[in-house]
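> Give me a 3D structure for the following:
(chains A, B and C)
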Amino acid sequence: MRRFPSKLLNWYAENKRTLPWRGHRSPYAVWVSEIMLQQTRVETVIPYFKKWMKTFPTVYTLARASEQDVLNAWEGLGYYSRARNFHKAAKIVVEDHEGKLPRDMTELQKLPGIGRYTAGALASIVFGMDEPALDGNLKRVYARLFDVEAPVNSTEGERLLWEIARENLPTGKAADFNQALMDLGATICLPKNPRCEVCPLAKECKAKARNVQGLRPVKTMKRAMPRYTYAAAAIIKRINGSPCALLVQRPLKGLLGGMWEFPNARVAGDPAEALAPALETAYRLTVRKKRGVQNPLAIVKHAYSHFSVVVHAFLCESALKKTNAALKWIRLKDLEKYPMGKIDRTIARRIINDSRF
DNA sequence: CATCCGTGGTC
DNA sequence: TGACCAAGGAT
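Numbers count the residues shown, from 1 in each chain, chains lettered A, B, ... in the order given. This is a model prediction of the structure:
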């Protein structure tokens, strides 16, 4: 078992993935990648990363950008608080650290959006410091390699795995070592159907020895996510001759915080039945939302069920105002400037291509 | 410490 | 198709 780090590093030298942020001279590029990669697949991140580096090539360009531009660049990636926190952190780095990431684990973790994992990843990859970076891949690999029976998402499992990660870190090689474990986890030590037959560490793997790879890592059960149906409306009126849609900005915190959307409301059962009159010019979508999430715009549901949305747009507007929602009439050709989640962006594109408007 | 936060892919 | 998963962090 002592020799697994060198075996892993040899494997990595031959099999590492070529990724846009690897070998990048700028620490900022690695920072961008680490934030984008939080809970997000590499294939999803790559196009966003490339575009981001053109839009915000340096920490200074990011720091002086508007929040709207930052969210626009992030649109579609999800977990939008990452973009807000990154923006805040860039401002702090520029103002308090002369535009450079601090070479210090504690200072790194003071920056919004940088936790224990990301601090370790930046410290090792950017500065070559001897720091572990325990992400989902490493948790899975180590849980198998050392046959960890404690649930990886339990306090005990977390403590144990961080300890393992630190103990096995080869001095002076943390950058390659951490990334090697990530690549191994992403290409061979897969969550399902791990490819043990081609794994360079198969001989050292305790779970493999006992044939329990499929049972590691152990995880505690999570609650299932319920499905709710929402109805969204395209409320269109002409202002100075150009068609405009009514948009609402969501509260800065919570689901899709700060993003713009079409007025919508949760509906019970079949929305076509509840909103038949309004849906003539509205679009229906099914979305997944967590239990207990309340939509502040439920009041529009009432308005929609009684009036045609186009003819009585003013009524919806006054109903929305009572909720203190930030709403705005936006020219259809300007819709793309307003950051939206995936579903509302889909609606926006459909409206723009709708010959009726 | 449990829950929340998006989206797209997989089996 | 529902459940699970993916380079976590904030609260």
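> any weak-confidence spans in the stretch 151-300 of chain A?
A:225-229, A:231, A:265-300 (pLDDT under 70).
> In it, what residue comes closest to DNA strand B?
DNA strand B sits closest to A:T155 of the stretch 151-300 of chain A, with a gap of 3.3 Å, by CB to the nearest atom of the strand. Bear in mind the C-beta positions are built from the backbone N, C-alpha and C, glycine included.
> Can you give me the separation between that residue and DNA strand C?
A:T155 sits 12 Å away from DNA strand C, going by CB to the nearest atom of the strand, to the nearest Å.
> tally of neighbours for that residue?
Residues within reach of A:T155, counting by other CB atoms under 10 Å, total 9.
> Now it: phi and psi?
Torsion angles at A:T155 (phi, psi; degrees, to the nearest 10) stand at phi -60, psi -50.
> swap in the one 3 residues further on?
Dihedral angles of A:E158 (phi, psi; degrees, to the nearest 10) stand at phi -60, psi -50.
> A:R210 now?
Taking degrees, to the nearest 10 as the convention, A:R210 sits at phi -100, psi 0.
> Could you check the pLDDT of the residue of the stretch 1-150 of chain A found nearest DNA strand B?
DNA strand B sits closest to A:G78 of the stretch 1-150 of chain A, with a gap of 2.8 Å, by CB to the nearest atom of the strand. We have a pLDDT of 94 for A:G78.
> Over to the one 4 residues further on?
According to the prediction, A:R82 has pLDDT 96.
> Can you give me the first-to-last residue distance of stretch A:34-43?
End-to-end distance of stretch A:34-43 (CA to CA, to the nearest Å): 14 Å.
> What are the buried residues along it?
Under the neighbour-count criterion of 16 or more other CB atoms under 10 Å, stretch A:34-43 has A:E34, A:I35, A:M36, A:L37, A:Q38, A:V42 buried.
> same deal with stretch A:19-28?
A:L19, A:P20, A:W21, A:H24, A:P27, A:Y28.
> So the nearest residue to A:P251 once chain neighbours are set aside, which state does it fall into?
What sits nearest to A:P251 in space, not counting adjacent residues and going by CB to CB, 6 or more residues apart in numbering, is A:G257, at 6.4 Å. Recorded secondary structure, A:G257: coil (DSSP: H, G, I helix; E, B strand; the rest coil).
> who's in contact with A:G257?
Applying CB atoms under 8 Å, 6 or more residues apart in numbering to A:G257 gives the contacts A:Y80, A:S81, A:R84, A:R250, A:P251.
> so who does the fourth one touch?
In this case it means A:R250. Applying CB under 8 Å, 6+ apart, the residues near A:R250 are A:L256, A:G257, A:G258, A:M259, A:W260, A:E261.
> Let me know the closest of the residues you listed to DNA strand C.
Closest to DNA strand C, out of all of the contacts of A:R250 and judged by CB to the nearest atom of the strand, is A:G257, at 10.7 Å.
> can you count the residues close to A:D96?
Residues near A:D96, counting by other CB under 10 Å: 12.
> quick one, phi psi at it?
phi -110, psi -20.
> and it, how far is that from A:T55?
Noted for A:D96: a distance of 24 Å to A:T55, by CB to CB, to the nearest Å.
> Let me see the confidence value for the closest residue to A:A186 other than its chain neighbours.
Among residues not flanking A:A186 along the chain, A:N137 sits closest, at 6.0 Å (CB to CB, 6+ apart). Note on A:N137: pLDDT of 94.
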